[in-house]
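Enquirer: A structural model of the following input is requested.
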Amino acid sequence: MVDRDALPAPEHGLIVTHFLTVRDVSASRAFYAGILGGEVVLEENPAIVKVANTWIIMNPGGGPTPDKPGITLRPPEPGDPVSAFLNVRVADIAAFYAGAVAKGARFVTEPIDRKAEIRCYLRDPDGYLIEVGQATGMLEGIFADPPPDGSRPG
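Expert: Numbers count the residues shown, from 1 in each chain. As a prediction, the model looks like this:
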């Protein structure tokens, strides 16, 4: 039996969830439950993992449906440009990083101090990018330096 209170189904107003098209539901479910400490709310069809104060919803891709005509869902391919990513904020990035590495997470880099925050990125089993950051300097009005070419920092 599913605990209705654990599902992303508000009685009033709205909530925001994040949907991921995945290749292997069980691998993705295990990643978000294990690495990010989420609670599996629904095993599949779709898989739902509650992570802190949000939900990650995962299902395989597919072609158009009556409610999304002309739209095909698929996970990213290696080398695809990134247009959106999950942003996770933590209280202690060193502890999070060490714990995630011990659980098998693969990070792009170790945490880097960017003055406003310390951050690093990892990828989930499908290659989705996840930023992990800890606010530091921004709490005291110190922000990252703008890039030398004048573009906005990422």
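Enquirer: residue contacts, the residue nearest the centre of the chain?
Expert: For the chain, L86 is the residue whose C-alpha lies nearest the centre (CA atoms, centre = their mean; 3.5 Å). Counting by CB atoms under 8 Å, 6 or more residues apart in numbering, L86 touches H18, I56, Y128, L129, I130, E131. Glycine gets a C-beta too; all of them are placed from N, C-alpha and C.
Enquirer: buried ones only from those residues, please, as a PyMOL command.
Expert: Selection of buried members from these for PyMOL, criterion 16 or more other CB atoms under 10 Å:
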select buried, resi 56+128+130+131
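Enquirer: please flag which of the contacts of L86 sit within strands.
Expert: H18, I56, L129, I130, E131 (DSSP state E).
Enquirer: closest one of these to K68?
Expert: For the ones in strands among the contacts of L86, the residue nearest K68 by CB to CB is H18; the value is 16.9 Å.
Enquirer: what's opposite the residue lying closest to the closest one once chain neighbours are set aside in the beta bridge?
Expert: Using CB to CB, 6 or more residues apart in numbering and skipping the chain neighbours, the partner closest in space to H18 is I56 (5.4 Å). On the basis of DSSP bridges, I56 is bridged to H18, V49.
Enquirer: I56 contacts V41, correct?
Expert: No - using CB atoms under 8 Å, I56 makes no contact with V41, being 9.8 Å away.
Enquirer: who touches both of these two?
Expert: I48, V49.
Enquirer: contact partners for the nearest residue to A91 once chain neighbours are set aside?
Expert: Closest residue to A91 apart from its sequence neighbours, by CB to CB, 6+ apart: Q134 at 6.9 Å. By CB under 8 Å, 6+ apart, the contact set of Q134 is R89, V90, A91, D92, I93, P111, E117, I118, R119.
Enquirer: skipping its backbone neighbours, what lies nearest the last one in space?
Expert: Distance criterion CB to CB, 6+ apart; nearest residue to R119, sequence neighbours excluded, is G133 at 3.7 Å.
Enquirer: I'd guessed the one you found sits against Y121; true?
Expert: No - if you go by CB under 8 Å, G133 and Y121 don't touch, sitting 9.4 Å apart.
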